[in-house]
Structure formats: C-alpha cells, structure tokens
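**Student:** no FASTA, just this:
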C-alpha cells in the first residue's frame, strides 16, 4: 500500500493511533511511564519542594522538555502527598504581574470569580492570601515565562514575592519555568533571593536519554527499530526530544502502514520527508529567507547547514572555526580558514536574512547561536532531503 495511505485493517489502525498517543511532538509528555531521562533535574526540583522556604527556577532552551518535566513532577508529587495543592499556569504575552496571579488564584481556589481586584495584588497580598487559603502545602508552577513581556515592575514584583514567601517560611513552593534570561533578571532585582531560589538548568538531552525515549515508546507499541535508525534519529534531533518524537511518530506510522513491526532506514527517510513538508510555517519561512539569493549558485544553504552540524557547547553556541569541518565535508574540499564563510555567518545575524543566528562576545572571538533552537534539526533534514548530505556521511 502507499506509504501515505491509511492503515488497511482495524488492528493496524489501532496501532497507528496508539503511536500518536505515545510519540507526541506537538504536546508535552504528561505520562510518567513514557518520560525518559532527566533524573538529576527531577531529584533537584523535588529537593526544593521538600525544603520549606525554597523555590526553583527551571530554565533552558526552547524544546528541551521543561514543560514535560513540570507535568511529570506534578504527577509524582500528587501521588505521594494526599493533601498537596498544585497548579500549573501557562503565561501569555498579555499577562501582567497582577493578571498572572489572578489566573493562579482562580486555579488554586477552583472558582470562576475572585473577591478582589487585580490592582490589589502585590507580593504581601499574595503571601497573606496563600497562607489563608492553603492549610497544607502547595506547588505553583508558572510555565512559559519566556512568553511574558517581563518589564522591570514584573520582575521586581516576582522577586519580592519569592523573598516574602521564603522569609515567612511558607509551605508553598513556586517553580518558575523559562529561559536563562529570566534567571538573570530575577536575581538582579534581589540578590538576597539567590539563597531561596534553586536554579536548575535543563541542557539538551544526551544520546542515552534520547534513545531511552525511543525504547520506551517502541516497547509500548510492541515494535523494534534498527540500531542505525536509533542512532540517526538521536543525531538528527540535536538533543531536542521534540524531534525524537516527531521522527519516531512518522517512522513508526510508516512501518505500521506496511504492516511491519520493525522500523528501518526506509521508514526513517519517509519520516524525514514528512517532517520537512509539515514543519512549522515560521521555521520554513525563516529558513527560506536565510538562504535566499538572486544568484543561481550560492553556498548560503550549505554554510547554514554546516552551522547546524557544527559542534556546540551546552548553551548551543559554536565558533566560526567549528563550521570548517562540516562545510568541508558538505562541499568536498578542505577549508583551513574561516575567511571563505565569515561574511555568511555575519549576514545570518542580520534582519535581511531573517536573523537566524545571534552572535556574542567580542570581534575575532564571536560565538554564534541559533535564535530558534528548533531550527538546526530542520536544516539538517532539509539538507538530507535536498541531497546536500546523506545519512551515510554521518554514521556514528
């Protein structure tokens, strides 16, 4: 049957739908049985919850699984503490400090209306109301803080809230989930909250953690996967669990359509094509803008691909010199200096090319980073799809 067709039998349809429940690239994991890795981060955040007066901030690049960790944390804690009150609130760009806390109280108090006005909300009001409303312990998770317009008032007020909750030794734990900038902004407002705020970085996932996602999912589907396919998926994901889920979903469903229980390279190739064709419009547009050129022959796509393949540090940064080796492989000639593509790197940081990269540091020692962490895997898959590279070149 065609690889894009629907499953032919009821049993195949059940397995097909089950794969969509297990591999979830569009939604965070909320099932502890399917959650993989992150043992150190889980232990540290649970440690914060068990210490009165301690709060935590979970930070890292977009797409590394922060929300999934928060969801699983709540599942674990709800199962171990009967009287625990817990709530997870997602921020949006319209939230102010007072409106955010109104959302939190609506969830905590399980009501549709509040008996106070937003203008009454301040750190001391929050502490007093929480202590009055909560007789046991509570966990409040504020997710997606990077979506907020964090002005100085918001940041100072949140820092003051953490300080007053900690100073009064309340049995309430705030867990803030966001990006690294949020940590620096909060601590800058109140150096004294550093002792009350455990800072937990979520790095990109390791090879072993990403492979564990695949093993757990495949076990639940009663399917297997060739080891080289596991290695390729882990490599292509660049440490981001979202892409492991995405490729595993398409590859497993391709195998199920063919009524096969083992996933091979052919299924992976189909998955890569589907992933590229169905990518987010914003990523596709940014990629197109970054490589556009009026000349028929241009190395912009290949330099950008080399950037995506370049080794990166734990913050996702790379140097110009790191681009030489992958670009040499892509173009089939050795680059001993960076002069041939320095101009391209700088232009990728400009609005005219979609500003896909940002650079930090000082001249001659710049470090570059993709502004959207989800971009490099897409670039690599496009490189495979368009024949700029092939999987065999990157055998692990």
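**Tutor:** Yes, it's here. Just so it is clear, the model here is predicted, and its values are computed rather than measured. Numbering: from 1, shown residues only.

**Student:** Distance of residue 199 relative to residue 176?
**Tutor:** 10 Å (CB to CB, to the nearest Å). The C-beta positions use only the backbone N, C-alpha and C, and glycine is treated the same way.

**Student:** Compare these two and say which is more crowded by neighbours.
**Tutor:** Higher neighbour count among residue 199 and residue 176: residue 176, with 21 against 14, using other CB atoms under 10 Å.

**Student:** follow-up on the earlier one: please enumerate the shared neighbours of residue 199 and residue 176.
**Tutor:** 56, 57 (CB atoms under 8 Å, 6 or more residues apart in numbering).

**Student:** For residue 371, which residues are in contact?
**Tutor:** Contacts of residue 371 by CB under 8 Å, 6+ apart are 355, 356, 357, 358.

**Student:** Which of the residues you listed fall in helices?
**Tutor:** Judged by DSSP state H, helices contain none of the contacts of residue 371.

**Student:** Could you take those and lay them out as a markdown table, with extra columns for pLDDT?
**Tutor:** Below are the contacts of residue 371 laid out as a markdown table (pLDDT from 0 to 100):
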| residue | pLDDT |
| --- | --- |
| 355 | 95 |
| 356 | 96 |
| 357 | 97 |
| 358 | 95 |
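
**Student:** I figured residue 77 hits residue 86, correct?
**Tutor:** Yes: Residue 77 lies in contact with residue 86 (CB atoms under 8 Å); the separation is 6.7 Å.

**Student:** residues shared between the contacts of those two?
**Tutor:** Common contacts of residue 77 and residue 86 (CB under 8 Å, 6+ apart): residue 139.

**Student:** circling back: please identify, among the contacts of residue 371, the one with the most neighbours.
**Tutor:** residue 356 (25 neighbours).

**Student:** from what I can see it touches residue 348, true?
**Tutor:** Yes: Residue 356 is within contact range of residue 348, at 5.3 Å (criterion: CB under 8 Å).

**Student:** and for the two, which residues touch both?
**Tutor:** 290, 304.

**Student:** per-residue confidence for the residue lying farthest from the centre of the chain?
**Tutor:** Ranked by distance from the centre of the chain (CA atoms, centre = their mean), the top residue is residue 115, with 37.0 Å. On pLDDT, residue 115 comes in at 92.

**Student:** and it, what are its phi and psi?
**Tutor:** Phi and psi for residue 115, reported as degrees, to the nearest 10, are phi -100, psi 30.

**Student:** Distance check, the residue positioned nearest the centre of the chain against residue 239.
**Tutor:** Compute the mean C-alpha point of the chain, and by CA atoms, centre = their mean the closest residue is residue 63, 1.3 Å away. Remark: distance between residue 63 and residue 239 (CB to CB) = 9 Å.

**Student:** and if you look at residue 47?
**Tutor:** 25 Å.

**Student:** Could I get the contacting residues of residue 81?
**Tutor:** The neighbours of residue 81, taking CB under 8 Å, 6+ apart as the test, are residue 137.

**Student:** 10 Å - rerun?
**Tutor:** 49, 50, 136, 137, 139 (CB atoms under 10 Å, 6 or more residues apart in numbering).

**Student:** if we can go back for a sec, more neighbours: residue 47 and residue 239, which one.
**Tutor:** Legend: neighbour count by other CB under 10 Å for residue 47 and residue 239, higher for residue 239 (25 against 13).

**Student:** The more buried one touches residue 207, doesn't it?
**Tutor:** Yes: under the criterion of CB atoms under 10 Å, residue 239 makes contact with residue 207 at 8.7 Å.

**Student:** Mind telling me what element the closest residue to residue 87 other than its chain neighbours is part of?
**Tutor:** Nearest residue to residue 87, sequence neighbours excluded (CB to CB, 6 or more residues apart in numbering): residue 107, at 4.2 Å. Using DSSP states H and E, residue 107 sits in helix 97-108.

**Student:** List the buried residues in the helix or strand that that helix is followed by.
**Tutor:** Next in sequence after helix 97-108, counting helices and strands by DSSP H and E, comes helix 123-133. Buried residues in helix 123-133, defined by neighbour count with 16 or more other CB atoms under 10 Å: 123, 126, 127, 129, 130.

**Student:** same deal with stretch 94-109?
**Tutor:** In stretch 94-109, counting by 16+ other CB under 10 Å, buried: 95, 96, 97, 98, 100, 101, 102, 103, 104, 105, 108, 109.

**Student:** Please report how far the nearest residue to the fifth one once chain neighbours are set aside lies from residue 32.
**Tutor:** Same thing as residue 100. Computed as CB to CB, 6+ apart, the closest residue to residue 100 that is not its neighbour in sequence is residue 91, at 6.5 Å. The gap separating residue 91 from residue 32 is 25 Å, by CB to CB.

**Student:** can you check residue 121 too?
**Tutor:** On the measure of CB to CB, residue 121 and residue 32 end up 34 Å apart.

**Student:** again, but for residue 257
**Tutor:** Residue 257 is 30 Å from residue 32, by CB to CB.

**Student:** who's more crowded, those two?
**Tutor:** Each of residue 257 and residue 32 has its neighbours counted (other CB under 10 Å); residue 257 has more, 21 against 12.

**Student:** how much space is there between residue 259 and residue 250?
**Tutor:** Residue 259 is 17 Å from residue 250, by CB to CB.

**Student:** which one of these two has more residues nearby?
**Tutor:** Just comparing residue 259 and residue 250: by other CB under 10 Å the higher neighbour count belongs to residue 250, 23 against 13.

**Student:** In which helix or strand does the more buried one reside?
**Tutor:** Counting by DSSP H and E, residue 250 is part of helix 241-257.

**Student:** and residue 110, what is it in contact with?
**Tutor:** 85, 87.

**Student:** circling back to that earlier point, test my guess that the residue nearest to residue 100 contacts residue 158.
**Tutor:** No: Residue 91 is beyond contact range of residue 158, at 11.2 Å (criterion: CB under 10 Å).

**Student:** shared neighbours of those two, which are they?
**Tutor:** 100, 142, 145, 148, 150, 176.

**Student:** Narrow those residues to those in helices?
**Tutor:** Those of the shared contacts of residue 91 and residue 158 lying in helices (DSSP H): residue 100.
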